[in-house]
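In: Fold the following for me, if possible:
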Amino acid sequence: MRQRFCLIICILLCTFICFSQKQNIEKIKYGEIAAKDFNPDYKKLDSNAQAVILYDAGSAKYEANNDSWFNIIYTYHKRVLILNKNAFDLATIEIPLYKGEKAEDNIEKLEAATYIIENGAITKTKVDKEAIFKDKATKDVTIKKFTFPNIKEGCIIEYTYRIISPRASYLRGFYFQDKYPVMRTEYDVTVPTLFNFIFLTGGYYDLTPVEVKQTNQRYNILNRNGGASGQSNIFSYDATNVFSKWELFNLSPLVKERYTTTLRNHTSKIEFQLSTLNYPNEAPKPIMQTWQEATKELLKDEQFGLALSEKNKWLNDDLEKLTLKNDNITTAKNIFNFIKNNYTCTDYDALYMPQNLKKAYETKKGNIIEINMLLTAMLLKADIKAEPVLLSTRDNGLAYEAYPLLNRFNYLISKVTIKDNTYLLDASKKRNGFNHLPEECYNGSGRIISENPYLVPLQADSIKENKVTNIFISNSTDGKKMECSFNSRLGYFESYDLREELSSSSEEAYFKKIKNDFGYDVEISNAFIDSLKKDDEIAAINYEFSMTIRYLEKVYTMH
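Out: Next up, the predicted model:
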């Protein structure tokens, strides 16, 4: 599967040339459901579709708030035809909302309903407001949840809402494609030229805006930087707003093919990153950092890398037991196994440490950043060169390499250098071996967090798995049985999966399943698995089996 990931730098200046590719298309309004909506022409996109997204639309625009700064007003509208019970999960909606210490997203004008057509008549069942509730996801995110009533095959569900967000520097992106066919989708943003965003697009569909235009508006805003005077001041700002709209029709569903790492890397989408703030009569203020600037800050951040530069004397007692003089590779393996076997990873999706490193060390648990940052700190304390590496796992999608968009990253490993040899370590999983990473880490590249923040290649196609299976067949001495010997040397990731499987089962149960899978009577003997407890090595499955020739002839005759 090919991928197109391009960067479009949108300089929101007065020199922006307006253009329009408007089509004479009917506007879709919430609640206006017609009989034709229950029978869309989707089969050319996916004849086996279990649901069809009839309409998926979003909008974002800036608005001055009471603090004389900006809110972003988001509106959203979605309409879906559910064809099959396998798509009933679409009837449960979760809307994430940001919650900060001083401000939070507010949702309003939430409406939702289920529509059913019977004998040509359309019946509407609204979602009761009492059925909508909030759930806390993380410290910074709450989830608004509800489930549509009266769900049946062939029904339409529709909902709309508005979010008022105080995060003026964070402009939400939009996914145009889905695992179901999409008949029509659109997104528009209206941004004052005070904000200069970089547009990041992905996927295969052309995401050239169908409409771009300028309008003028006066805002009363607070200059928080004060310019040359050093004082904050409120002033009226006559802004040029730039309106950009994307609109697509008849999008094929995303289907995960063999060897696809994650669909998120191939989805047609648009995302935004604030580059500069352009205050009147002042030089543009850079917002987006270089990688050198970003890594410098990360290494000083107590929630990330500050502990790596500290003495960390609380590690001395354990390090004394783990360190072998003049043998860095054995010492590194000892430290790696100490963390892996004694610490529990509580969250495999994180960017910062909610607790300091000493607390994680004492409690013997932490998120992926804490576990592998502790590993890095212990290696450094043992005078072994080690550097943290940020990456994005497959489920999280690709991280953008050119700019330090840190919210694209969700995982950390450690890069170790010993006598010009490099090792990539992840001590967060109990059955992971030294110098082996979980398969989900191979998703483009990682970024070294150091004074020299270079890329670490982690391409998915760099994984090479070799599996060799040998079967030897002979007749028994009395000629009544066929006797076989089976040996299969697995690849590393298959070995890892086998160790995971047997962590909650047993070898006896594993070979019993093999016996049952034959589908006819066989005798299995001398069954064992090589290197099952050696996480650094590949495993090998061995057993012998026999069956009577008379029974085998019967089987062949039947087939």
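In: what sits against residue 37?
Out: 54, 79, 81, 156 (C-beta atoms under 8 Å, 6 or more residues apart in numbering). For the C-beta atoms, the positions are set from N, CA and C on the backbone; glycine is no exception.
In: Am I right that it is in a strand?
Out: No - looking at residue 37 with DSSP: H, G, I helix; E, B strand; the rest coil, it is helix, so not inside a strand.
In: State the distance from it to residue 132.
Out: As judged by C-beta to C-beta, to the nearest Å, residue 37 and residue 132 stand 24 Å apart.
In: cool, and residue 339?
Out: Taking C-beta to C-beta, one finds residue 339 at 44 Å from residue 132.
In: out of the two, which sits in the more crowded spot?
Out: Taking neighbours as other C-beta atoms under 10 Å, residue 339 and residue 132 compare with residue 339 leading, 26 against 16.
In: Quick check: which element contains the more buried one?
Out: Element membership of residue 339, judged by DSSP states H and E, is helix 328-342.
In: Export only the CA atoms of that helix, formatted as PDB.
Out: Provided in PDB are the C-alpha atoms of helix 328-342 (Å, rounded to 0.1, in the frame of the first residue of the first chain):
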ATOM      1  CA  ASN A 328      29.600  -3.200  30.100                       C
ATOM      2  CA  ILE A 329      27.500  -5.600  27.900                       C
ATOM      3  CA  THR A 330      26.800  -8.000  30.800                       C
ATOM      4  CA  THR A 331      26.100  -5.000  33.100                       C
ATOM      5  CA  ALA A 332      23.700  -3.600  30.500                       C
ATOM      6  CA  LYS A 333      21.900  -7.000  30.300                       C
ATOM      7  CA  ASN A 334      21.700  -7.200  34.100                       C
ATOM      8  CA  ILE A 335      20.200  -3.700  34.400                       C
ATOM      9  CA  PHE A 336      17.800  -4.400  31.500                       C
ATOM     10  CA  ASN A 337      16.600  -7.700  33.100                       C
ATOM     11  CA  PHE A 338      16.400  -6.100  36.600                       C
ATOM     12  CA  ILE A 339      13.900  -3.400  35.300                       C
ATOM     13  CA  LYS A 340      12.000  -5.900  33.100                       C
ATOM     14  CA  ASN A 341      11.500  -8.500  35.800                       C
ATOM     15  CA  ASN A 342      10.800  -6.200  38.700                       C
END
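In: Tell me which of the contacts of residue 37 fall in helices.
Out: Counting by DSSP state H, no part of those is found in helices.
In: Ranking by neighbours, what's the top pick from these?
Out: Ranking these using other C-beta under 10 Å puts residue 81 first, with 25 neighbours.
In: hey, where'd the strands end up in the stretch 51-200 of the chain?
Out: Secondary structure of the stretch 51-200 of the chain (DSSP state E, counting those that start in this stretch): strands located at 51-64, 70-82, 92-98, 106-118, 121-126, 133-136, 141-147, 156-165, 174-175, 182-192, 195-202.
In: can you put those strands in CSV and add distance to residue 538?
Out: Below are the strands of the stretch 51-200 of the chain laid out as CSV (distance: least, C-beta to C-beta, whole Å):
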stretch, distance to residue 538
strand 51-64, 42
strand 70-82, 46
strand 92-98, 41
strand 106-118, 51
strand 121-126, 57
strand 133-136, 43
strand 141-147, 41
strand 156-165, 49
strand 174-175, 39
strand 182-192, 44
strand 195-202, 36
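In: so which of those gets nearest residue 506?
Out: strand 92-98 (37.7 Å; C-beta to C-beta).
In: can you map out the helices along this protein?
Out: Using DSSP H, helices in the chain cover 291-300, 316-322, 328-342, 357-363, 368-381, 492-502, 507-517, 549-558.
In: Just say which of those is most tucked in.
Out: Highest mean neighbour count of those: helix 368-381, a mean of 25 (counted as mean count of other C-beta atoms under 10 Å).
In: now that helix and helix 328-342, what's the angle there?
Out: 150 degrees (axes from the mean of the first three to the mean of the last three C-alpha atoms, to 10 degrees).
In: which stretches of the stretch 301-450 of the chain form strands?
Out: 344-347, 365-367, 385-391, 411-418, 421-425, 444-448.
In: and residue 362, how far is that from residue 356?
Out: According to C-beta to C-beta, residue 362 and residue 356 sit 10 Å apart.
In: picking up where we left off before, let me know which of the helices of the chain is the nearest to residue 445.
Out: Residue 445 lies closest to helix 291-300 among the helices of the chain, at 12.1 Å (C-beta to C-beta).
In: so what secondary structure elements neighbour that closest one?
Out: The elements that helix 291-300 packs onto, with contact taken as 3 or more C-beta pairs under 8 Å, 6 or more residues apart in numbering; DSSP states H and E, are strand 444-448.
In: So what are the sheet partners of the strand it packs on and their directions?
Out: Strand 444-448 has the following strand partners under DSSP bridges: strand 385-391 (antiparallel), strand 455-458 (antiparallel).
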